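> Output the structure for:
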Amino acid sequence: MLALAVVAAAMVSGPSTSHPALSRTAARGPGTTSSTAVTTAPPTTTRPAGPPYAVADSSIIFTDPSRPTPARGSVPAHPGRTLRTIVRRPVGAPGPLPLVVFVHGWNSEPEYYEPLLDTWAAAGYLVVAPEFPGSAQNLPGTPVSDYAAQALDVSFVITQVLGGVLGPVDPNRIVAAGHSDGGTTTAILALAPQYQDPRIKAYLSLAGQIPPDVSAPWGASRTPGVLLVAVGTDDEYGNEALSTQLYDTAQMTKAFINVPGGSHLGPFVSATPMADSVRAATVAFMNLVLADPGHVTAGQLLQALAAPAGSSAYQVSAADN
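Sure, this is the predicted structure:
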């Protein structure tokens, strides 16, 4: 039986830079071995219901004893996978909530992506972003690429969240998203039949690629769901060509955002009008796909993802394959 350990801490982020006092409570959820939650007092000022919503920050730890953590340099492999997970929740959004599971890049941490994660939560999505035990930066040892195991981690986390530990979630509105190696993990979930999870309806691969070391019939047949690939033209790791190959290979309804002058990470997390536009486009993509899964067309994607009038922040294309 899968074990689940939970530790949570929360704060509400709103217009102010300060946070209300915290009060501690305890709770247990399905499959939970222990739980400590931290909740916030109501904000002192009234904020209208969103979107955009105020965003509550919390964390939770999921433990999967059924699969191992790989060796990280001098740190040996060991049984089980522990996934410290940050959570972003839209305050006051009516449930059940749509869910986004986000996969960080190699030698990175989920906290690096907070501008992107908070944008999604403010739009009404419950966002969970695990720290993956093979590729994370701050864990003991040297990070390793762990694409395929991370794809299974995403499905594991979906199962745990649907169990109710974070409140009601809509099982028909689930998104898998990731950046760099995390975008590659998303590509595996979308295109590799042995890793596909039918609960996922939308995929966001940000500066990702088809992994060189995972065997699958890439592009051999049409796959379900809708895919968004986004990358900067000045990606310093050469991922523009690799992301383009991913987009071209995918046999599914799909869209491609190319960001002129965009770096590897900047188009998704920087504090610039360009990045604001790209983040808004990811929200538009998820809103469109989850409103009517299975019936989205390339024409609808082009309309929904069009850059703001007069903006050259990015270029978009789409196809029904």
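
> All the strands of the chain, in order from the start?
Using DSSP state E, the strands of the chain run over 11-13, 22-26, 36-40, 55-64, 81-90, 97-103, 126-130, 169-179, 202-206, 226-232, 253-259, 315-320.

> can I get the ones you listed in TSV with distance to P273?
For every residue, glycine as well, the C-beta is placed using N, CA and C. Converted to TSV, those look like this (distance: least, CB to CB, whole Å):
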stretch	distance to P273
strand 11-13	21
strand 22-26	35
strand 36-40	31
strand 55-64	21
strand 81-90	23
strand 97-103	23
strand 126-130	23
strand 169-179	20
strand 202-206	18
strand 226-232	15
strand 253-259	12
strand 315-320	16
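
> got the CA positions of stretch 220-235 in PDB?
Written as PDB, here are the backbone C-alpha positions of stretch 220-235 (Å, rounded to 0.1, in the frame of the first residue of the first chain):
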ATOM      1  CA  ALA A 220       3.900   7.000 -34.400                       C
ATOM      2  CA  SER A 221       0.200   7.500 -33.700                       C
ATOM      3  CA  ARG A 222      -2.200  10.200 -32.600                       C
ATOM      4  CA  THR A 223      -2.300  10.700 -28.800                       C
ATOM      5  CA  PRO A 224      -5.100  12.300 -26.700                       C
ATOM      6  CA  GLY A 225      -5.100  15.600 -25.100                       C
ATOM      7  CA  VAL A 226      -3.800  19.000 -26.200                       C
ATOM      8  CA  LEU A 227      -0.200  20.100 -26.200                       C
ATOM      9  CA  LEU A 228       1.400  23.600 -25.800                       C
ATOM     10  CA  VAL A 229       5.200  23.900 -26.500                       C
ATOM     11  CA  ALA A 230       6.900  27.200 -25.800                       C
ATOM     12  CA  VAL A 231      10.500  28.200 -26.100                       C
ATOM     13  CA  GLY A 232      12.700  31.300 -26.600                       C
ATOM     14  CA  THR A 233      14.700  31.900 -29.800                       C
ATOM     15  CA  ASP A 234      17.800  32.700 -27.700                       C
ATOM     16  CA  ASP A 235      17.600  29.700 -25.400                       C
END
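
> Helix or strand with the lowest mean pLDDT in the chain?
Lowest on mean pLDDT, DSSP states H and E among the helices and strands of the chain sits strand 22-26, with a mean of 25.

> gap between the closest residue to V289 other than its chain neighbours and T186?
Of all residues not flanking V289 in the chain, A202 sits nearest, at 4.2 Å (CB to CB, 6 or more residues apart in numbering). Distance from A202 to T186, counting by CB to CB, to the nearest Å: 10 Å.

> of those two, who's got more company?
Comparing A202 with T186 by other CB atoms under 10 Å, the one with more neighbours is T186, at 32 against 25.

> Return the residues in contact with that one.
For T186, the contact set (CB atoms under 8 Å, 6 or more residues apart in numbering) comprises 103, 176-178, 203-205, 208.

> What's the separation between it and A220?
From T186 to A220 the distance is 19 Å (CB to CB).

> try D146
Taking CB to CB, one finds D146 at 25 Å from A220.

> about what we covered before: the residue nearest to V289 pairs with what?
V175, V226 (DSSP bridges).

> Which pLDDT value belongs to the closest residue to A271 other than its chain neighbours?
Nearest non-adjacent residue to A271, counting by CB to CB, 6+ apart: P115, 7.2 Å away. Reported pLDDT at P115 in the predicted model: 98.

> give me the number of residues near P115?
Neighbourhood size, P115 [other CB under 10 Å]: 14.

> need the contact list for it.
Neighbouring residues of P115 by CB under 8 Å, 6+ apart: 268-271, 275, 279.

> Buried only: go through these for me.
For these, a burial check counting by 16 or more other CB atoms under 10 Å picks out 268-270, 275, 279.

> still on that earlier bit, tell me which of D146 and A220 has more neighbours.
Counting neighbours by other CB under 10 Å for D146 and for A220 shows that D146 has the greater number, 22 against 11.

> And the more buried one, how close does it get to I158?
18 Å.

> before we move on, the earlier item: farthest pair within the buried ones among the contacts of P115?
S270 and R279 (9.8 Å; CB to CB).

> Not counting its neighbours along the chain, what's nearest the residue minimising distance to the centre of the chain?
Nearest to the geometric centre of the chain sits F102, at 2.0 Å (CA atoms, centre = their mean). Leaving out its chain neighbours, the residue that sits closest to F102 by CB to CB, 6+ apart is A129, at 4.1 Å.

> just L204 next, same as before
Nearest non-adjacent residue to L204, counting by CB to CB, 6+ apart: A177, 3.8 Å away.

> where's the one you found relative to L228, distance?
9 Å.

> The two - which one has more neighbours?
Legend: neighbour count by other CB under 10 Å for A177 and L228, higher for A177 (30 against 27).

> If anything else comes up later, I'll come back, but that's it for now.
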